[in-house]
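[1] how does the following fold in three dimensions:
(chains A, B, C, D, E and F)
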6 protein chains.
Amino acid sequence: MNERRISRFGEPPEAELPDDIAAIYAKNRERVGFVPNVFRAYARRPEHFRAFMQYHDVLMKGDGGLTRAEREAIVVAVSAENRCQYCVTAHGAALRVIGKDAIVAEQIAINWRTADISPRWHAMLAFASHVNETGFAATDAEIEELRAAGFSDDDVWDIAAIAAFFGFSNRMAGALDMRPNPEFYTMGRG
Amino acid sequence: MNERRISRFGEPPEAELPDDIAAIYAKNRERVGFVPNVFRAYARRPEHFRAFMQYHDVLMKGDGGLTRAEREAIVVAVSAENRCQYCVTAHGAALRVIGKDAIVAEQIAINWRTADISPRWHAMLAFASHVNETGFAATDAEIEELRAAGFSDDDVWDIAAIAAFFGFSNRMAGALDMRPNPEFYTMGRG
Amino acid sequence: MNERRISRFGEPPEAELPDDIAAIYAKNRERVGFVPNVFRAYARRPEHFRAFMQYHDVLMKGDGGLTRAEREAIVVAVSAENRCQYCVTAHGAALRVIGKDAIVAEQIAINWRTADISPRWHAMLAFASHVNETGFAATDAEIEELRAAGFSDDDVWDIAAIAAFFGFSNRMAGALDMRPNPEFYTMGRG
Amino acid sequence: MNERRISRFGEPPEAELPDDIAAIYAKNRERVGFVPNVFRAYARRPEHFRAFMQYHDVLMKGDGGLTRAEREAIVVAVSAENRCQYCVTAHGAALRVIGKDAIVAEQIAINWRTADISPRWHAMLAFASHVNETGFAATDAEIEELRAAGFSDDDVWDIAAIAAFFGFSNRMAGALDMRPNPEFYTMGRG
Amino acid sequence: MNERRISRFGEPPEAELPDDIAAIYAKNRERVGFVPNVFRAYARRPEHFRAFMQYHDVLMKGDGGLTRAEREAIVVAVSAENRCQYCVTAHGAALRVIGKDAIVAEQIAINWRTADISPRWHAMLAFASHVNETGFAATDAEIEELRAAGFSDDDVWDIAAIAAFFGFSNRMAGALDMRPNPEFYTMGRG
Amino acid sequence: MNERRISRFGEPPEAELPDDIAAIYAKNRERVGFVPNVFRAYARRPEHFRAFMQYHDVLMKGDGGLTRAEREAIVVAVSAENRCQYCVTAHGAALRVIGKDAIVAEQIAINWRTADISPRWHAMLAFASHVNETGFAATDAEIEELRAAGFSDDDVWDIAAIAAFFGFSNRMAGALDMRPNPEFYTMGRG
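    Purely as a prediction, here's the structure:
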């Protein structure tokens, strides 16, 4: 097997990182034991790094009616449809850890339509999958169905925003040929 | 014709806007004479508003080798492929104004493949269109071609990032049923 | 910008035009101020010119229950789905003029599904769009829905015939690389 | 098996046909022994009947560099891709008779790509198939290849026009649920 | 026309065939007058030949609630969707003979959706066609509809198995460029 | 999480299994510690069970130029494209064990195009992926490329046969809603 690279355009030397980005590297090493390659790849463009991470945190850690596991499930389902090597691996690991059901996490990474999920998750992922299609425009009927399934307007917004933002992220990973850290493959499997 | 709405989820009362967002409304009224509906729709979620606008500005106004017109051309070409009512209209107007060729702007809004554009723009939009496809992952050969056409690694990054970010934006407009302001239809036609 | 050509295969010298075609050139100059490039391109093959124009006139000006604006709306919606540079531009102009609502005309040119149109127009364009798909064959249920929306059998025929004929015309424009006259871009914008 | 109908919208009584259409019925009965259902179905709208038949004859019987068998081969290949019940049956019969090779005719009706045809026919049908795709616009390189294969500009026009016109005809047959006459199934099989 | 080959990789000399395969050749010559090319092509790999024929016979001749004609109809409908030159020709002939309605057999070979078939056959072929799609996974609702149409669980299994097995067979024919015997074209046409 | 079922149509009581199938259950329990659900599901139809397993063994264990790991890689790549819950899980596990590189196995399960594989594997999986498409028919040029990459005619046959047979198997799993045994998720991860 070839040595695995970080990304097509490499990564900047750590000594040259701006302080805020160096601090994020340090925090990741402390918390999860390594720096995810998405940080290393984006560090090449500090302004892009900051904008990406800020938006990411609003979507994945911000206020809202969706649980952390639900947000990760949307990312994994959409990334699987886009066949994104980096995001299925990294967020698949996150979903195994956060969702506390490694089998369901794996099933969503293969095909959410045949995963053992609740009706709420099915409705949520069906909408996320629709958002991910080319030419998506929600119909009023579709929004009504989501409301009937218990989702608020802001929940609908969040499902759409997470699905669409990671479609963006999947494409950046595809442009940069971003490679998953080996650590992700074993996280949350115990 | 029905009255045109801002978005499916409405807009917040202006009196309740946070100061930074109220300032952006004011600046838009001063500069272009109206508040684009994307601001009104996003104002419902101030944290999302700020994250979106910050990333938008990095991509559209940040440093880089692509001209302002080239960046808008990518947005229009991708938004046309995604058939986004809001983005084709608003960024079509921007491209007419910034690109100073209303006919070419219109052609890109219909089909960049048959627009009267330079080989550089053709290579740029062909890559942006590829980024926009489901399951996109760039091949090394494709990146080499872009380099041969004069694009730097950061240019490649920027084309991909603009194309993919507006694919995200197109989907948010589709989820929110975001409607273009009437003013956009006539801008830059003189 | 490159000089814009009429079509890939050029146009015949006006001095050599058959009388009936020369008369049509003259009438167009008188009425709209220029000769649409579709005439110039087809004039290379007079028998094709005549057959095309005769069928065009039966469909667009013949008896039937559809208004002139409705017929143009079908042409614009289908041409947009086929991304035909010539037809979206020329018939988009016609729809702005005939339909007397430049904004709705523009919306249909981008995406009829999110345009501000009546339920009747939505049913009409949904059927036209279905006709335009590869492998189209109408189901009885679909025809019943059109009847319930107030369309007669001949209306159904006309929607299908206009949608399908302009799918043919779109493909001829794509084969000939037919270019819109610059005049079309500004017609009906006032 | 259900009784086979002519078309969804029926056919007019023969006693009420205009003279020119009645004459075409008579000529068909004399020459091939029956009136093809496309005539019966179109007779409901005499102006459409006349426009369709005139254009049909320009394309299929007019001057040009393509043989009659080549023109029918284009119709069969495109109609097969559109899965048109009426046109594959009726023009499949015509190709068996005119092309004088019933096996190759049958092969083209199934899949021209794996039919036993000459390089000239392969180039011709590959272009016709491209014309038939949604969003078709010929590239200059593609036209050059056709010229290199011996096709003139008017031949390119004719291939495109026949392919696109029968895509229109296929869709009309799909709208009208036009049914093939039983006689077509056995013609040219001897 | 070029000489028609058996398959891309030829066929083994008959003198070298294993006894069981030679016996099958002999039986075919006796019963239908020739050895179908699928046998000749597979004879190159005797273990594959035997596995293919055993499974084929379980599906097409084994116990079950579907008639022989129904099984052949599934094969023809799926092979037509996969545009398989060998299978549409060979199984189209079988359906003409077994189904005793050459016209309906031909219609299914063109497009089962517009063929003159019973509601039972329509439900059966609609499910077979769904099975044939990439990414197929049956929904519970779809299975319920089949039960409501009178199909047992084993019937559902058999429709799926026949549809999917011949999708496999179609692809093998496409890999081997397997050519139909000329005899198939005229069988069952009388 | 819901209790996971074997398949939509259940499984037969073990006491009623034919001896040969009971022996296969016993052998699996001895070797891998459990009976894969594909056996349990197919045991409902013993003749289908036997035909499936015989063909499976010819393809996966028979003579030929492809290694065991290569054969499993084809199964995983195709099953991932068909998004088959059962086959990606069960054969993903097999590839981790047999291929001795769990990371590459995981990468192929996500997207073989961006996996860290050799040029030989890339050519092999590109062909397998092409076989898996609807309407596949190999071109001579494609076969020549495979020969140039070192594959014999029988290797080409085997790649196609494995890819197509598991496309069949994927569809059966989709029809039966076949569920992976929990054991597969952790196999070969150590």
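
[2] what residue is smack in the middle of chain A?
    Chain A has A:V75 as the residue nearest its centroid, 4.0 Å off, counting by CA atoms, centre = their mean.

[3] doesn't A:C87 make contact with that one?
    Yes - using CB atoms under 8 Å, A:V75 is in contact with A:C87, at 6.6 Å. Heads up, the C-betas are built off the backbone N, CA and C, glycines and all.

[4] can you list residues touching both of those two?
    The contact sets of A:V75 and A:C87 overlap at A:F166 (CB atoms under 8 Å, 6 or more residues apart in numbering or on different chains).

[5] helices of chain A, start to end?
    A:19-31, A:37-42, A:46-61, A:68-81, A:85-99, A:102-111, A:119-131, A:140-148, A:153-176 (DSSP state H).

[6] and these: which comes nearest chain E?
    For chain E, the closest of those is helix A:102-111, at 7.1 Å, according to CB to the nearest CB.

[7] show me what contacts the closest residue to A:A77 other than its chain neighbours?
    Using CB to CB, 6 or more residues apart in numbering or on different chains and skipping the chain neighbours, the partner closest in space to A:A77 is A:W112 (4.3 Å). Residues near A:W112 by CB under 8 Å, 6+ apart: A:73, A:76-77, A:80, A:122, A:125, A:129.

[8] most neighbours, which of these?
    Most neighbours among the contacts of A:W112, by other CB atoms under 10 Å in any protein chain shown: A:V76, with 33 neighbours.

[9] related to what we said a few turns ago, per-residue confidence for the residue nearest to A:A77?
    At A:W112, the model reports a pLDDT of 98.

[10] can you pull out the low-pLDDT segments for chain A?
    Applying pLDDT under 70 to chain A flags residues A:1-4.

[11] what about A:G65, neighbour count?
    There are 14 residues near A:G65, going by other CB under 10 Å.

[12] do the one 5 residues further on as well
    The number of residues packed near A:E70 is 22, by other CB under 10 Å.

[13] next up, the contacts around the closest residue to A:E72 other than its chain neighbours.
    Counting by CB to CB, 6+ apart, A:E72 lies nearest to A:L95, which is 4.2 Å off, once chain neighbours are set aside. Applying CB under 8 Å, 6+ apart, one finds that A:L95 lies in contact with A:69, A:72-73, A:75-76, A:105, A:108-109, A:188.

[14] same check on A:A115?
    A:104, A:107-108, F:85.

[15] sorry, back to before: okay, the residue nearest to A:E72 and D:I108: tell me how far apart.
    Per CB to CB, to the nearest Å, A:L95 is found 51 Å from D:I108.

[16] same check on A:V78?
    Per CB to CB, A:V78 is found 42 Å from D:I108.

[17] now A:A90
    Here A:A90 is placed at a distance of 50 Å from D:I108 (CB to CB).

[18] quick one, which of the two is more surrounded?
    Each of A:A90 and D:I108 has its neighbours counted (other CB under 10 Å); D:I108 has more, 30 against 25.

[19] need the contact list for the residue of chain A found nearest chain C.
    Closest contact between chain A and chain C, by CB to the nearest CB, is at A:A137 (5.2 Å). With contact set as CB under 8 Å, 6+ apart, A:A137 has these partners: B:83-85, B:174, B:177, C:111, C:113-114.

[20] quick one, phi/psi of it?
    Note on A:A137: backbone dihedrals following degrees, to the nearest 10 are phi -150, psi 120.

[21] next one: A:D177
    When read as degrees, to the nearest 10, the backbone of A:D177 gives phi 50, psi 50.

[22] which residues are in contact with the closest residue to it other than its chain neighbours?
    Of all residues not flanking A:D177 in the chain, A:R8 sits nearest, at 4.1 Å (CB to CB, 6+ apart). Listed by CB under 8 Å, 6+ apart, the contact set of A:R8 reads A:175-177, B:138, B:140, B:143.

[23] ok, now with 10 Å
    By CB atoms under 10 Å, 6 or more residues apart in numbering or on different chains, the contact set of A:R8 is A:41, A:174-179, B:138, B:140, B:143, B:153, B:156-157.

[24] kindly report the same for A:R71.
    By CB under 10 Å, 6+ apart, A:R71 lies in contact with A:59-62, A:64, A:91, A:94-95, A:98, A:124, A:158-159, A:162, A:166.

[25] gap between the nearest residue to A:L66 once chain neighbours are set aside and A:C87?
    Closest residue to A:L66 apart from its sequence neighbours, by CB to CB, 6+ apart: A:D158 at 5.4 Å. Taking CB to CB as the measure, A:D158 falls 18 Å from A:C87.

[26] next: A:A128.
    13 Å.

[27] quickly list what's touching both of the two.
    Shared contacts of A:A128 and A:C87 (CB under 10 Å, 6+ apart): A:75-76, A:78, A:166-167.

[28] of all pairs in those residues, which one is the farthest apart?
    With CB to CB as the measure, no two of those lie farther apart than A:V76 and A:G167, at 12.8 Å.

[29] can you work out which residues contact both of these two?
    A:84, A:87, A:128.

[30] what about the nearest residue to the second one once chain neighbours are set aside, how many neighbours?
    It stands for A:C87. Residue nearest to A:C87 in three dimensions, not counting chain neighbours: A:S79, with 3.7 Å by CB to CB, 6+ apart. By the measure other CB under 10 Å, the count of residues near A:S79 is 28.

[31] now for A:S79: which residues touch it?
    A:85-92, A:108-109, A:132, A:163, A:166-167, A:169-170, A:173, F:110.

[32] ok, and the closest non-adjacent residue to A:G188?
    Spatially, and ignoring its direct neighbours in sequence, A:G188 is nearest to A:R96 (3.1 Å; CB to CB, 6+ apart).

[33] go ahead and confirm the one you found touches A:A73.
    No - using CB atoms under 10 Å, A:R96 makes no contact with A:A73, being 11.1 Å away.

[34] now for the two: what residues contact both?
    Both A:R96 and A:A73 are in contact with A:104-105, A:109, where contact means CB under 10 Å, 6+ apart.

[35] and which of the residues you listed is nearest A:A149?
    The closest of the shared contacts of A:R96 and A:A73, once distances to A:A149 are taken by CB to CB, is A:V104, at 18.8 Å.
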